[in-house]
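Q: Give me the fold of what follows.
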Amino acid sequence: NGTAIGTAIVADIFPGDTGSLPIEFASLNNLLLFDARKTEDNDELFKSSNTAASTVIVTEINPGNAASNPQSLTTFGNFVYFSADNGINGRELYRSNGEIAGTTLVRDILTGDLSSNPENLTVAGNNLFFIADALQLKGLGDFFQTVQQSKYSQIFFFEDVKSNNYFWKKFLSGIFLVVAMVGLDQDLMQKNLTCKNIGEAQKNMYSFMGVFVLVNFLFLALGALLYLYTDLQQIPLPAKSDYLYPTLALKNFGIAAGIFFLLGITASSYASSDSALAALTTAFCIDFLDFKNKSEVLRQKLKFWVHLGFSVLLFIIILLFKVLNNDSVVNSVFKVAGYTYGPLLGMFSFGLLTKRQVHDKWVPLVCILSPLLCFILNQNSEKWLGGYKFDFELLLLNGFFTFTGMFLLSKRNVNQSTHVTQF
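A: This next block holds a predicted model:
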């Protein structure tokens, strides 16, 4: 109380000659809240009402031997606000009324284990102002570090076999998706077939492989930053993840970002649809309309109407996709590919691995029944297989059903000759 006789130790929080080192005091009603330690390097939030019995720890914000180190204690309303680190969310803004239940994290400003480091807490009127770190990325180093330390950085999941993100499900299905959707696709395959020799085609594939790995990694990181930005700005997430980037680009990033977004999405869509329409038109004209036996005038007319017809068909499919689809576009495309490319993968494997002769008239039936069986199994897998839910690996199952069906409906090729080489 300012006198020698009125100056006394309130409580020996950390017995011995080390000391509890109380700092950062803030008064709240009849309580004094402060930072102190009761063991070595274990600073936590304490309270006292001027007696030894009342001088106790409020709660261990960071349980165990680690310390939460409460800092910048500031009284505001019926709470004391401060920054602390719980070991999970990094150093963020907390508040306490002196009770365990009343000591809570106000907001995880930078999600994950990133720290916003609130400091300089200042009361002005009915507001509490403070300085905190936001997503200030000054270079590639900050960019990758921010993503790495966030909750969105995990790439490989090995914990739950039933999860759609389980590593081996994604890895194996991804391999065969590439084989089916690139190696067996008319649109993408022709990019390699137009190379002048096999060496150039291989170089083309290897170079694209390296570029795609980098591009995919970059887009994943940029996607994580978009979610970090929405967390920071408390922007409600749209119902579908496909809408996140358009929503931010058109509503939150300014006019310039919106213009570049529209230009980019238009350019990429045109490039993809242009090559797809060319492939569809070419395949249909040659395989179904017997183009080689038509006159040049008739070819031009047929080509125009086929191209126009596929354009209208794609437009209708896009509208139906908009109405019926409840998942992201990427996931839905791969799921549809599991049904449509499965028979193609099965037929390709059968022709590559066997020399048996199939009954051609039964092949279409096999290619219809295989996706149908997969659909039935996919709809009931959780009930029949103990909670297991199929994802992109449905492509493998579809291909297996097609391969098995063709094998059962085939016979040994009696015209196959055997060649014996004598050394």
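
Q: Show the contacting residues for Asp391.
A: Listed by Cβ atoms under 8 Å, 6 or more residues apart in numbering, the contact set of Asp391 reads Asn164, Lys169, Lys170, Ser173, Lys335. C-betas here are computed from N, CA, C, even on glycine.

Q: likewise Leu228?
A: Applying Cβ under 8 Å, 6+ apart, we find Leu228 in contact with Leu110, Thr111, Leu135, Thr146, Val147, Ser150, Tyr152.

Q: Show only the entries of the residues you listed found in helices.
A: In helices, judged by DSSP state H, the following of these are found: Thr146, Val147.

Q: Neighbour count added to the contacts of Asp391, as JSON lines?
A: Converted to JSON lines, these look like this (neighbours: other Cβ atoms under 10 Å):
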{"residue": "Asn164", "neighbour count": "14"}
{"residue": "Lys169", "neighbour count": "20"}
{"residue": "Lys170", "neighbour count": "19"}
{"residue": "Ser173", "neighbour count": "20"}
{"residue": "Lys335", "neighbour count": "17"}
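
Q: among these, which are in helices?
A: Per DSSP H, helices hold the following members of the contacts of Asp391: Lys169, Lys170, Ser173, Lys335.

Q: So the first one sits against Leu396, correct?
A: When you say that, I think you mean Lys169. No: counting by Cβ atoms under 8 Å, Lys169 does not reach Leu396; the two are 9.7 Å apart.

Q: Going by neighbour count, list what's buried in the lengthiest helix in the chain.
A: Counting residues, the longest helix found in the chain (DSSP H) is helix 198-233. By 16 or more other Cβ atoms under 10 Å, the buried positions in helix 198-233 come out as Ala221, Ala224, Leu225, Leu226, Tyr227, Leu228, Tyr229, Thr230, Asp231, Leu232.

Q: could you dump the residues you listed to JSON lines with distance to Ala101 and pLDDT?
A: JSON lines is the format used below for the buried residues of helix 198-233 (distance: Cβ to Cβ, whole Å; pLDDT from 0 to 100):
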{"residue": "Ala221", "distance to Ala101": "39", "pLDDT": "88"}
{"residue": "Ala224", "distance to Ala101": "34", "pLDDT": "88"}
{"residue": "Leu225", "distance to Ala101": "35", "pLDDT": "87"}
{"residue": "Leu226", "distance to Ala101": "35", "pLDDT": "89"}
{"residue": "Tyr227", "distance to Ala101": "31", "pLDDT": "89"}
{"residue": "Leu228", "distance to Ala101": "30", "pLDDT": "85"}
{"residue": "Tyr229", "distance to Ala101": "32", "pLDDT": "84"}
{"residue": "Thr230", "distance to Ala101": "30", "pLDDT": "87"}
{"residue": "Asp231", "distance to Ala101": "25", "pLDDT": "82"}
{"residue": "Leu232", "distance to Ala101": "28", "pLDDT": "77"}
